[in-house]
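Novice: Just a sequence and a predicted model for now, questions to come.
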Amino acid sequence: MSGEGARLPRLESAGLDGWMVRLFERIEETNLAWITPLTRRCEAAFGDALVDLVPSYTTLLVVFDPLRLSPEEARRRLLALLGDLAPDEPTEGGEVRELPTWYDESVGPDLARVAEHTGLSVEAVIDCHAGTLYRVFALGFAPGFAFMGLLDERLEVPRLATPRQRVPVNSVAIAGRQTAAYPTVTPGGWNLLGRTSARLFDRDREGFSLLAVGDRVRFVPVDRTAFEAQGGDTTPMEAGR
C-alpha cells in the first residue's frame, strides 16, 4: 500500500498537528488487519512526538506534537510506513467480552419496530443479535462508546429519523450494520433493543473503558431476575421516547 491523492491509502490533513490516514472507503471486518499494524508502527516511528492515535473503521488519525515534528516530516514518516505495510495474519485474537443483556420492550422500546421492519419475530431479533460475535472497530462519540460490527444483514435498520434527547446508560442499540451499548446518558438515534448490566465506563478503571479496539464482544441474553441481581437498571422507557 502506498501513495496519496485520489487512490487509497491517502493522507488527509487534520490541521497543523495531525494527519488522517484513509486506508479504505468501505467498512469491512478485514480492515482492522491493516489498521492495527499501522497503529503499532506509528507508535514506534513517532516516539515521543506522538500525541494520540485514533483508529476507526476505515481510517487512522495520527496526532503529533508540532513543536517536535513538522507536518511535512510527519507526512514523510507516514508515507514510509505505508510503503511496505502488510496486514496482520488472520486471527481470532482479541479479548472476548460478554455483556449480559436484558432484551425487553420496557428498556428496548424499538424491539417491536425492528421486528416489523425486518420481518422477524421479536424472539428472532434477539436471537440474531445475541448470536453474533462482534468486533470493536472504534471508540468515540462518548467516553467508552464502542462501535461494533458487523451486524447480521437481517437486522440492518436505519437510525431514527429524530434522535432521542436522552438514551439511558447501558442501552444496547443497533443502526445500519453496527451495534453498541451506551456507556453514559447521552442523546442518540440508534434503535434500542435492551440494556446491559456491564459497567462500560469507569473512571476508577485503568483505561476507563471496558472495551478496546480489537476486542470481540458477545451479548448474552439474561432474564429480568438475573439482570437485577447483576445490578442492572430496570427503569422502563416509553415507546417513542
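Specialist: Cool, the structure landed.
Novice: Where does the residue nearest the centre of the chain sit, in terms of helix or strand?
Specialist: With distances taken as CA atoms, centre = their mean, F147 lies nearest the centre of the chain, 1.5 Å away. Here F147, judged by DSSP states H and E, is contained in strand 146-149.
Novice: can I have the top strand by length along the chain written out in CSV, keeping just the CAs?
Specialist: Counting residues, the longest strand found in the chain (DSSP state E) is strand 96-103. Provided in CSV are the C-alpha atoms of strand 96-103 (Å, rounded to 0.1, in the frame of the first residue of the first chain):
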residue,chain,number,x,y,z
VAL,A,96,-13.7,-11.7,24.4
ARG,A,97,-16.1,-9.7,26.5
GLU,A,98,-19.5,-10.9,27.4
LEU,A,99,-22.2,-8.3,28.0
PRO,A,100,-25.2,-9.7,30.0
THR,A,101,-28.2,-8.1,28.3
TRP,A,102,-31.9,-8.0,29.2
TYR,A,103,-33.8,-7.7,25.9
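Novice: Who are the packing partners of it?
Specialist: On a contact count with 3 or more CB pairs under 8 Å, 6 or more residues apart in numbering; DSSP states H and E, strand 96-103 meets helix 122-130, strand 171-175, strand 191-196, strand 216-221, helix 224-229. In short, each C-beta sits where N, CA and C put it, glycine included.
Novice: Go through it and flag the buried ones.
Specialist: 97, 99-103 (16 or more other CB atoms under 10 Å).
Novice: sorry, back to before: mind listing the strands the strand holding F147 pairs with, and their directions?
Specialist: If you go by DSSP bridges, strand 146-149 pairs up with strand 134-139 (antiparallel), strand 178-181 (antiparallel).
Novice: I'd like to know which elements the longest helix out of those in the chain is packed against.
Specialist: Across the chain, the helix with the greatest residue count (assigned by DSSP state H) is helix 32-46. Contacts defined by 3+ CB pairs under 8 Å, 6+ apart place helix 32-46 against strand 50-55, strand 59-64, helix 71-83.
Novice: one step back: in terms of contact, does the residue nearest to the centre of the chain touch V54 like I think?
Specialist: No. Counting by CB atoms under 8 Å, F147 stays clear of V54, with 12.0 Å between them.
Novice: joint contacts of these two?
Specialist: Common neighbours of F147 and V54, using CB atoms under 8 Å, 6 or more residues apart in numbering, are 138, 140.
Novice: still on that earlier bit, okay, the strands paired with strand 146-149 in a markdown table with mean neighbour count, mean pLDDT and distance to A161 next?
Specialist: Compiled in a markdown table, those are given as follows (neighbours: other CB atoms under 10 Å; pLDDT from 0 to 100; distance: least, CB to CB, whole Å):
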| stretch | mean neighbour count | mean pLDDT | distance to A161 |
| --- | --- | --- | --- |
| strand 134-139 | 22 | 90 | 24 |
| strand 178-181 | 24 | 96 | 18 |
